[in-house]
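**Q** structure of the sequence below:
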Amino acid sequence: MRISAFCAVLLLFPIAAAPQQQKSSHPSSPVCLPGTAIAAMQKIDSDRIRAHVRFLSHDLLEGRGTGQRGGEIAAEYMATQFALDGLKPAGDNGTYMQKVPLVGITPDPVTTFSLVPAKGPTIDLKSLDQYVAYDQTQQAQSDLDAEIVFVGYGIQAPEYKWDDYKGANLRGKVLLMLVSEPPSDDPNFFKGRALTYYGRWTYKYEQAARQGAVGAILIHTTEMASYPWEVVRNSNSGEKSFLQQDGSPKLKAASWITSDVARQLTAAAGLNLDQMMTDARSRDFHPITLPVKLKAHMVSKVRPFNSSNVLAILPGAHGSLKDEAVMFTAHYDHLGIRPDMPGDNIYHGAADNATGCGIVLELGRAYTQSPQRPRRSILFAAVTGEEQGLLGSEYLGKHPPVPAARISLDLNYDDLPPLGAPQEVEVSGSERTTFYPVVRSLAETFRLAIRPDAHPEAGHYYRSDHFSLARVGVPSFSIGEGMKYKGHPASWGLEKADEYTSKHYHQPSDEYRSDMDFTGDAAMARFGFALAWEAANQTNLVQWQKGDEFEAARQRSASGSD
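**A** Take a look at the predicted model:
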């Protein structure tokens, strides 16, 4: 008996059974995939993902730095693999490459950064150990001699009746602010424990510039940032890239300081940092001008250059729907190499994010193995500059090969630990879309419990490339393993995650090892394959849930006003 299509059944998927999920108040409908799609999906091979990760994190690629030789090799490798699989180029002028115009900024050692109290000695800060700072104006030299104003969390959020600025004239000032956002367990107030975009350092710099400030200083604490100072230091050492100037306001000094320096600064102002942090949690907070100035001489090496997003497409089968698309994204860049560091100074980026690249490459190969194609096209994007602030995906969102209004969904892969067979999946943000019933149904089919974000306070949704697509209205989320793996309790997964964050995240030790188990990466690839196939065959485009923060962007893109 010939069957043209059948429902995906559990026995087809080599994934370990998960613990019993709690029954949902919204029962899921079975999702059916054609047999040809399931056959292609089953060809996803963990050893192929392993091979891609091994190559992309090899010493020869020197950490895949943005605008560096290793990064360019990685881009060419991604393009070559797409071509070998038979995917069509979707970049500029019939190529796989989408040029992304960037400017590299390298602080010169002669840069000085000093806190000057009205009374008492000047506090001269040591780069990397006590502060990091970049000049966003892309000028070779900038000078600051400006009052420091403490603005609490530096947030204006009218939907939460929150305004740290209170109409203060901050033009020409340097704004001192806390990372993260006001703590809350109320899901209706800054989404409770889950960090919103208001808590991200990128928002705080953008908002400071919009206020007319010339500089911003973020106070780092490990608890509030969700990562140690070493991550800030390593992410802000050497050359840092920016999109070429687009006319928006920029800061002469976009900086961080350690909590110890912050205590020195506030003590020099006759204030108590702990009390200031407590006061900042109130809606009644008002900006505080400190009797301290930032005096800085910012000297930078400015290097304009082009990097590339790597774009490929599998054309859809439907006459009109093929002009719409479902997208996979993963960033291929990492932090490059630090010549000044002794010992192993290559930031290999094996988990972050050679794993995501390996998955996207294997997805591209699997999709071309099916003689039957989905109705909509499938886009594959390996983007640059994620570690520099989501730059490649930001550019892609503003210059997509398919208009944003016609992209139904973006599925992103970023940093999937090779730890074995997962029994959970994290898809934070999927619940914000109309596609969530499909996500839930397929998770049940794959015997994967949907795990809420293990660290919502870290704001992971705003820290990877799907966010750039969400900002232009595309329903987007990342696919990742949860914390429960076959043969281990969830506590083991949490311990592994904490160990990675504290010892390997953005460290040279994030490197390939032969004992890595890529079973889970292949499982997440198969799950994404099924999700994308279903999204590509739905009658209507995926949308944001009504009232979501990105719904307006979706509506603007649909109307053509963006």
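**Q** how about the helices of the stretch 101-250 of the chain, start to end?
**A** 201-210, 222-225, 229-235 (DSSP state H, counting those that start in this stretch).
**Q** of all these, which lies closest to His58?
**A** helix 229-235 (19.9 Å; CB to CB). Heads up, the C-betas are built off the backbone N, CA and C, glycines and all.
**Q** run the chain-centre distance for that closest one.
**A** Computed by CA atoms, centre = their mean, to the nearest Å, the chain-centroid distance of helix 229-235 equals 16 Å.
**Q** buried sites along that helix?
**A** Trp229, Val231, Val232, Arg233, Asn234, Ser235 (16 or more other CB atoms under 10 Å).
**Q** and for stretch 221-228?
**A** Those would be Thr221, Met224, Ala225, Ser226, Pro228, for stretch 221-228 by 16+ other CB under 10 Å.
**Q** farthest-separated two in the residues you listed?
**A** Every pair of the buried residues of stretch 221-228 checked by CB to CB; the farthest is Met224 and Pro228, at 11.7 Å.
**Q** let's see the pLDDT reported for Val9.
**A** Val9 carries a pLDDT value of 44.
**Q** actually Ser509, not the one I typed
**A** 96.
**Q** over to the one 4 residues further on?
**A** Taken from the predicted model, the pLDDT recorded for Arg513 is 97.
**Q** ignoring the adjacent residues along the chain, who's closest to it?
**A** Ala350 (7.9 Å; CB to CB, 6 or more residues apart in numbering).
**Q** select the longest helix from the protein.
**A** Longest helix in the chain, counting residues (DSSP state H): helix 519-537.
**Q** give me the mean pLDDT for that one.
**A** The pLDDT scores in helix 519-537 average 98.
**Q** what's the first helix or strand after that helix?
**A** helix 551-559 (DSSP states H and E).
**Q** check which residues of that following helix are buried.
**A** So helix 551-559, judged by 16+ other CB under 10 Å, has buried residues Glu551, Ala553, Arg554, Ser557, Ala558.
**Q** turn those residues into TSV, columns for distance to Tyr332.
**A** Putting these into TSV (distance: CB to CB, whole Å) gives the following:
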residue	distance to Tyr332
Glu551	31
Ala553	26
Arg554	27
Ser557	26
Ala558	30
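**Q** from those, pick the one nearest Pro107.
**A** Looking across the buried residues of helix 551-559 and measuring by CB to CB, the closest to Pro107 is Ala553, at 34.1 Å.
**Q** contact partners for the closest one?
**A** Ala470, Arg471, Val472, Gly473, Asp562 (CB atoms under 8 Å, 6 or more residues apart in numbering).
**Q** of those residues, which one scores lowest on pLDDT?
**A** Among the contacts of Ala553, Asp562 has the weakest pLDDT, 63.
**Q** picking that back up, nearest to Glu386, of the helices of the stretch 101-250 of the chain?
**A** helix 229-235 (11.2 Å).
**Q** for the closest one, name the packing helices and strands.
**A** For helix 229-235, the elements it packs on are helix 222-225, judged by 3 or more CB pairs under 8 Å, 6 or more residues apart in numbering; DSSP states H and E.
**Q** go again using 10 Å as the cut-off
**A** When contacts are defined as 3 or more CB pairs under 10 Å, 6 or more residues apart in numbering; DSSP states H and E, helix 229-235 sits against strand 131-134, helix 222-225, strand 253-257, helix 490-503.
**Q** most centrally placed residue in the chain?
**A** Among the residues of the chain, the one closest to the centroid is Ser464, at 1.1 Å (CA atoms, centre = their mean).
**Q** can you tell me, leaving aside adjacent residues, what's nearest to that residue?
**A** Spatial nearest neighbour of Ser464, chain neighbours left out: Asp414 (4.4 Å); criterion: CB to CB, 6+ apart.
**Q** if we can go back for a sec, could I get the buried residues of stretch 221-228 as JSON lines with pLDDT and distance to Pro249?
**A** Listed next are the buried residues of stretch 221-228 as JSON lines, based on pLDDT from 0 to 100; distance: CB to CB, whole Å:
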{"residue": "Thr221", "pLDDT": "93", "distance to Pro249": "28"}
{"residue": "Met224", "pLDDT": "89", "distance to Pro249": "26"}
{"residue": "Ala225", "pLDDT": "87", "distance to Pro249": "25"}
{"residue": "Ser226", "pLDDT": "83", "distance to Pro249": "28"}
{"residue": "Pro228", "pLDDT": "90", "distance to Pro249": "31"}
